[in-house]
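Participant: What follows is a predicted structure for the sequence shown.
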Amino acid sequence: NGIVYSRASTHVGNSQVFFYPQGDRLLSPVPGNIQHIYAMPTGELVFPVHKLLPHHDQTIDPFTMYPHFPTKMYSSSSSSHLENVKVSWVVSHFAQWAVLSDTVVILSLS
């Protein structure tokens, strides 16, 4: 369908994806960075992903006031745990802007 995915070591922008944790569509999608890409014997693509950590500072996320603007603050750190994400769990790519040394703003590109 024309969507390009890459490992973070190859192309950072194409490695940034929003996905449903454990494939649960009742949960809100979370951002993560693709570390590897492989195919299951069935042909389905799977991405081991490092999730971005929630923004843990006491700072109020100013973007919560704009529900129709899909932007949110996150920590600039990622989980050390790799989560296997099926391509069918991916919602979209995202753009990232570092606003502080420990904080990034994430914008869904869906």
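Facilitator: Yep, it's here. Numbering: from 1, shown residues only.
Participant: how near is residue 74 to residue 19?
Facilitator: Using Cβ to Cβ, to the nearest Å, we find residue 74 at a distance of 14 Å from residue 19. Every residue, glycine included, has its C-beta placed from N, CA and C.
Participant: er, residue 60 actually
Facilitator: According to Cβ to Cβ, residue 60 stands 26 Å off from residue 19.
Participant: quick one: which of the two has more around it?
Facilitator: residue 19 (23 against 10; other Cβ atoms under 10 Å).
Participant: Test my guess that the more buried one contacts residue 27.
Facilitator: No. Look at residue 19 against residue 27 with Cβ atoms under 8 Å: they stay out of range, at 10.0 Å.
Participant: Which parts of this protein are strands?
Facilitator: 16-19, 30-34, 38-39, 45-54, 71-86, 90-100, 103-108 (DSSP state E).
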